[in-house]
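**Student:** can't give you the sequence, but here's the structure:
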Ligand code: SF4
Ligand code: URA
């Protein structure tokens, strides 16, 4: 097969976020209803979100418009973990609602997942700003500092232990570095399953690092690797 034919074959089953001819995605069961336990868990989770909204454990708590605990199902089998809220998320109180969020929705849809069936959270729950005096300025984003990450880490750990997903997908360099304690460039570690220890005696969770959708917006060539990772995730989800 020539290189271009191989390329076309590789893309032929991709959804419209990667190629123009999109087949209908087959639904993947993503939420795992657990009779009896569900209500208690939902209540624990709602309380946790309220605590996050009231948190002032680091300076971001005083400059944010609103905290962004996360969105999705408490029974999710997959959690997607981003870096931190940006302008749109700070205004809406929901993760991944800006341009990268719209792309994340398409990426999830292409393997039959949705915002309602997975859980989406970030490493830090409040918007890290270059100029914290102006939350109304677009493009006023920066990565979270090590101190902010350390202050916020407990919230994510509790979210992971409460949801107890089967799989974690980290988006971009920051969540992979924080959760795995591995500073190897994301281009080298993406696509390779790892085990994550959520602490508290909980069972390890399989973790798949992939690129952040914002990186795909800057460099569409990376979409092919993310599509490979999503097919890999879909295959694992299909296992009993
Ligand atoms: Fe609290 Fe995290 Fe917000 Fe800091 S970023 S105030 S630790 S919720
Ligand atoms: N980027 C992130 O890492 N998280 C969001 O919630 C939005 C954009």
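**Tutor:** Nice, thanks for sending it over. This is a predicted model, so every value here is computed, not measured. Ligands and ions are numbered 1, 2, ... in the order given.
**Student:** Show me the helices in the chain, by range?
**Tutor:** Here the chain has its helices, by DSSP state H, at 3-11, 37-54, 60-63, 87-92, 99-109, 146-163, 173-180, 186-189, 213-218, 223-238.
**Student:** how about those helices, which one is nearest residue 203?
**Tutor:** Residue 203 sits nearest to helix 146-163 of all the helices of the chain, at 10.1 Å, using Cβ to Cβ. Glycine gets a C-beta too; all of them are placed from N, C-alpha and C.
**Student:** Show me which residues of the protein sit near ligand 1.
**Tutor:** For the chain, the residues in contact with ligand 1 (Cβ under 6 Å from any ligand atom) are 52, 55-58, 60-61, 67, 124-126, 148, 151-152, 155.
**Student:** Turn the buried ones among those residues into a named ChimeraX selection, would you?
**Tutor:** Filtering the residues of the chain next to ligand 1 down to the buried ones (16 or more other Cβ atoms under 10 Å) takes a single ChimeraX command:
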select :52,55,58,60,61,67,124,125,126,148,151,152,155
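**Student:** Give me the residue ranges of this structure where confidence is low.
**Tutor:** Within the chain, the stretches with pLDDT under 70 are 1-15, 19-39.
**Student:** And the residue of it that's closest to ligand 2?
**Tutor:** residue 82 (2.9 Å; Cβ to the nearest ligand atom).
**Student:** From the residues of the chain next to ligand 1, list the ones also adjacent to ligand 2.
**Tutor:** Of the residues of the chain next to ligand 1, not one also sits near ligand 2 (Cβ under 6 Å from any ligand atom).
**Student:** which of the residues of the chain next to ligand 1 lies closest to residue 189?
**Tutor:** Proximity of the residues of the chain next to ligand 1 to residue 189 (Cβ to Cβ) peaks at residue 124, which lies at 21.0 Å.
**Student:** Can you give me every residue that contacts that closest one?
**Tutor:** Residue 124 sits next to 58, 60, 83-85, 144, 148-149, 152 when contact means Cβ atoms under 8 Å, 6 or more residues apart in numbering.
**Student:** ends of stretch 90-104, how far apart?
**Tutor:** For stretch 90-104, the first-to-last residue distance is 18 Å (Cα to Cα, to the nearest Å).
**Student:** typo on my end, stretch 199-208
**Tutor:** Per Cα to Cα, the first residue of stretch 199-208 is 18 Å away from its last.
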